[in-house]
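Visitor: Kindly generate the corresponding structure for this input.
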Amino acid sequence: MSSAPTTPPSVDKVDGFSRKSVRKARQKRSQSSSQFRSQGKPIELTPLPLLKDVPSSEQPELFLKKLQQCCVIFDFMDTLSDLKMKEYKRSTLNELVDYITISRGCLTEQTYPEVVRMLVYEFFIRFLESQEFQPSIAKKYIDQKFVLQLLELFDSEDPRERDYLKTVLHRIYGKFLGLRAFIRKQINNIFLRFVYETEHFNGVAELLEILGSIINGFALPLKAEHKQFLVKVLIPLHTVRSLSLFHAQLAYCIVQFLEKDPSLTEPVIRGLMKFWPKTCSQKEVMFLGELEEILDVIEPSQFVKIQEPLFKQIAKCVSSPHFQVAERALYYWNNEYIMSLIEENSNVILPIMFSSLYRISKEHWNPAIVALVYNVLKAFMEMNSTMFDELTATYKSDHKKKKNLESVMIRLEDYLILPLLSYKCHFFRVKINK
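Guide: Predicted coordinates:
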């Protein structure tokens with residue numbers, strides 16, 4: 001159970017989203033939060049009776065008072081201040097969580113602004129999930145401004161806070177139909193800022209996880225804005241340096257889109273080819289993993305459209321001197337569905353792959369890669385033995401011609417260079433003798 005940092009603990013001025021002072025404090029790395037240093041005196045809360053100890057007729061009023069008390073914020077960076085009051089607030093929050101979970105009739109209209117103002121995550125989730133929760137009342141307080149401020153909190157460095165926020169935002173998206181388009185638009189803006197400006201935002205993985213559920217619920221046919229979001233926002237997310245922190249969630253979103261609309265397969269794969277990493281082997285392995293997830297759900301009609309650029313890239317990966325990249329690409333041939341697609345289109349794929357595979361089988365430094373390549377060559381031979389034999393003969397013939405040409409070039413260099421060297425030596429000897 002966590003409460004978001006706020007301004008000084010005057011109940012009338014509490015704002016659960018005020019983070020400027022927190023950011024300043026984080027930048028300065030001071031010993032205590034700057035938002036609390038102006039306070040000289042300890043905070044005093046008047047202890048209230050337990051809700052279970054008062055008559056049911058008095059509980060709504062007492063519940064409201066306890067909500068107001070819990071809007072007061074303590075400085076937990078100072079471990080010695082207000083210990084008694086901190087413990088009192090903690091126990092009160094636990095009591096409120098239990099009360100809202102089991103009680104009926106506790107959510108009156110007066111409680112809504114106090115709950116939103118308090119913004120304690122565990123309680124807020126129970127509030128949103130309550131059978132008595134009424135979006136028609138809550139929309140006065142949970143509005144676009146609230147959502148914007150909530151999204152800012154996703155930049156928190158604490159993964160526990162981001163996990164709570166993920167649940168909160170997901171519940172809001174489900175309860176408030178009028179906010180759905182706005183939430184998607186703001187997430188879109190966060191991602192664009194992340195890709196093209198800052199390359200820093202701690203909550204990308206959590207936002208993508210929410211999007212995975214949202215995409216899964218999209219109605220068909222997909223709207224143009226959803227397709228644009230895929231191509232213009234999700235695909236460029238592959239370019240950032242911190243991709244490994246959220247790649248699993250990103251790949252899931254991509255696959256969800258393709259399962260909804262297979263016609264998006266070609267622009268997605270061409271987008272991945274466009275942003276394929278050139279110097280980072282770790283990212284290349286991630287791209288190959290995502291590509292396999294896409295191929296697992298691809299339709300044969302879509303596969304035919306992208307097989308040539310796709311396998312040209314796979315051939316480059318197989319030829320990579322980095323054994324993990326080569327190994328990950330060769331593992332495609334262990335996938336039964338991908339193998340069936342390759343077999344159906346072996347007349348196109350085999351010529352693209354053959355020269356790289358044959359060369360690697362003779363030259364690669366890693367014996368494990370060589371063994372995998374032999375298995376792939378064997379599979380190709382069984383798929384299309386006639387073409388395999390033709391390509392083998394052509395490769396050997398071309399290789400022999402290349403060797404002969406290299407031999408001729410060496411002899412030609414000797415023929416041209418040796419007389420020149422001899423002439424230079426004679427010239428220097430004559431000069432020295434003079």
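
Visitor: In the helix or strand hosting residue 150, which residues are buried?
Guide: Assigned by DSSP states H and E, residue 150 falls within helix 144-152. Neighbour counts using 16 or more other CB atoms under 10 Å place 146, 147, 149, 150, 151 of helix 144-152 among the buried residues. All C-beta atoms are positioned from the backbone trio N, CA, C, and that covers glycine.

Visitor: Pull the contacting residues for the second one.
Guide: I take that to be residue 147. 169, 172, 179, 182, 183, 186 (CB atoms under 8 Å, 6 or more residues apart in numbering).

Visitor: re the thing from before, pull the distance from the helix holding residue 150 to the chain's centre.
Guide: In terms of CA atoms, centre = their mean, to the nearest Å, the centre of helix 144-152 is set 21 Å apart from its chain centre.

Visitor: Give me the pLDDT value at the residue nearest the centre of the chain.
Guide: Ranked by distance to the mean C-alpha position of the chain (CA atoms, centre = their mean), the top residue is residue 246 at 2.6 Å. The predicted local distance difference test score for residue 246 is 96.

Visitor: ok, now which ones touch the nearest residue to it once chain neighbours are set aside?
Guide: Sequence neighbours aside, residue 205 is the residue nearest to residue 246 in space, at 3.8 Å (criterion: CB to CB, 6 or more residues apart in numbering). For residue 205, the set of contacting residues under the criterion of CB under 8 Å, 6+ apart consists of 245, 246, 248, 249.

Visitor: quick one, phi psi at residue 120?
Guide: Dihedral pair for residue 120: phi -100, psi 120, per degrees, to the nearest 10.

Visitor: Near it, how many other residues are there?
Guide: Using other CB atoms under 10 Å as the criterion, residue 120 is surrounded by 23 other residues.

Visitor: Same question for residue 123.
Guide: Each residue near residue 123 was counted by other CB under 10 Å, and the total is 22.

Visitor: What's the separation between it and residue 64?
Guide: Taking CB to CB, to the nearest Å as the measure, residue 123 falls 14 Å from residue 64.

Visitor: any idea of the pLDDT on residue 405?
Guide: Residue 405 is assigned 52 on the pLDDT scale.

Visitor: now the helices: where do they sit in the stretch 301-434 of the chain?
Guide: Counting by DSSP state H, counting those that start in this stretch, the stretch 301-434 of the chain has helices at residues 323-330, 336-344, 346-363, 367-383, 385-433.

Visitor: ok, now the stretch 101-250 of the chain?
Guide: Using DSSP H, counting those that start in this stretch, helices in the stretch 101-250 of the chain cover 111-118, 121-129, 135-138, 144-152, 159-175, 180-193, 204-216, 224-229, 247-260.

Visitor: For residue 50, give me its contacts.
Guide: Residue 50 makes contact with residue 95, according to CB under 8 Å, 6+ apart.

Visitor: what's the spacing between it and residue 99?
Guide: As defined by CB to CB, residue 50 lies at a distance of 10 Å from residue 99.

Visitor: what does residue 132 give?
Guide: Look at residue 132 and residue 99: by CB to CB, they are 12 Å apart.

Visitor: Look at the two and report which has more neighbours.
Guide: Here residue 132 and residue 99 are compared on neighbour count by other CB under 10 Å; more neighbours surround residue 99, at 19 against 12.
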